[in-house]
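Novice: Sequence below, structure please.
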Amino acid sequence: MTSVIMDPCFFTQTALNDYLGSKGVTCHNFDQPIPPEQLNAVLARVNPALVFISEHCLGNSCDENDAFKQILSRYPDSTFIIFMALSNGHFSEYLRLRENIIVTTKQLDKATLEGLIYSYLIKRGKAQPRRSATPLSGPVALSRTEHEMLRMWMSGYDTVRIADLMQIKTKTISAHKGNIKKKIKTQNKQVIHHLLRLTHTLTNGLNCSQ
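Specialist: Numbering: from 1, shown residues only. Sure thing, here's the model as predicted:
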């Protein structure tokens, strides 16, 4: 079983190497961003179960983002854990965007991160299930109304304006905001904005429930 770690932080690489190595996982480390075509070649060669990538290592162009999205969909059996680079705000949770894509930060507590990794060690037969293990939450999904409301909210529209445009009561808008914050696991608007931007870098957007 192998993993790929692409992160410029020496301490992150060391911690992940120590933990994964203790579980018999071979780590392939990159301390600098590598272009999508090179990353694709690495993944094809080593077939990793886990891929850790710092947001600092993601591209800034639309072409690079599109290429990265293709890579994520090309390797559904590899789980990609993306570390957000938050300059403002605090996020100590994880958000599962797709079955094989998880976004979190290095503020995530050690036990939760180990829990995320452990579930995939079990999947690959590298660890035994524990009775006390907390199951992973599924991919986040918003309703169509929540999607539309979130788009306007993140564009700077206030509650009254959104309610007017959607022709619903302001208290309903407030309730939707509360539901969105609960699903995205943060009360911080800046963090929500950052998460959404990163989501569109990695995927075609949050899932939509019926």
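Novice: quick check, P8 in a helix?
Specialist: No: counting by DSSP: H, G, I helix; E, B strand; the rest coil, P8 falls outside a helix, being coil.
Novice: Please list all residues in contact with the closest residue to it other than its chain neighbours.
Specialist: Sequence neighbours aside, D31 is the residue nearest to P8 in space, at 5.3 Å (criterion: C-beta to C-beta, 6 or more residues apart in numbering). C-beta here means a position set from N, CA and C on the backbone, and glycine is covered the same way. Taking C-beta atoms under 8 Å, 6 or more residues apart in numbering as the contact definition, D31 lies against D7, P8, F10, Q13.
Novice: Of the residues you listed, which is the nearest to S143?
Specialist: Using C-beta to C-beta, D7 comes nearest to S143 of the contacts of D31, at 34.9 Å.
Novice: Ranking helices and strands of this protein by mean pLDDT, which lands last?
Specialist: Lowest on mean pLDDT, DSSP states H and E among the helices and strands of the chain sits helix 110-123, with a mean of 78.
Novice: what's the offset of that helix from the middle of its chain?
Specialist: The chain centroid and the centroid of helix 110-123 are separated by 15 Å under C-alpha atoms, centre = their mean, to the nearest Å.
Novice: any idea which helix or strand comes after that helix?
Specialist: Once helix 110-123 ends, the next helix or strand along the chain (criterion: DSSP states H and E) is strand 141-143.
Novice: Paired strands for that next one, with orientation please.
Specialist: Sheet pairing for strand 141-143, assigned by DSSP bridges, gives strand 207-209 (parallel).
Novice: Show me which positions of the partner strand end up buried.
Specialist: N207 (16 or more other C-beta atoms under 10 Å).
Novice: How about residues contacting that strand?
Specialist: Contact partners of strand 207-209, identified using C-beta under 8 Å, 6+ apart, comprise L97, R98, P139, V140, A141, L142, S143, R144, H147.
Novice: ok, of the residues you listed, which come out buried?
Specialist: Buried by 16+ other C-beta under 10 Å: L97, R98, P139, V140, L142, H147, out of the contacts of strand 207-209.
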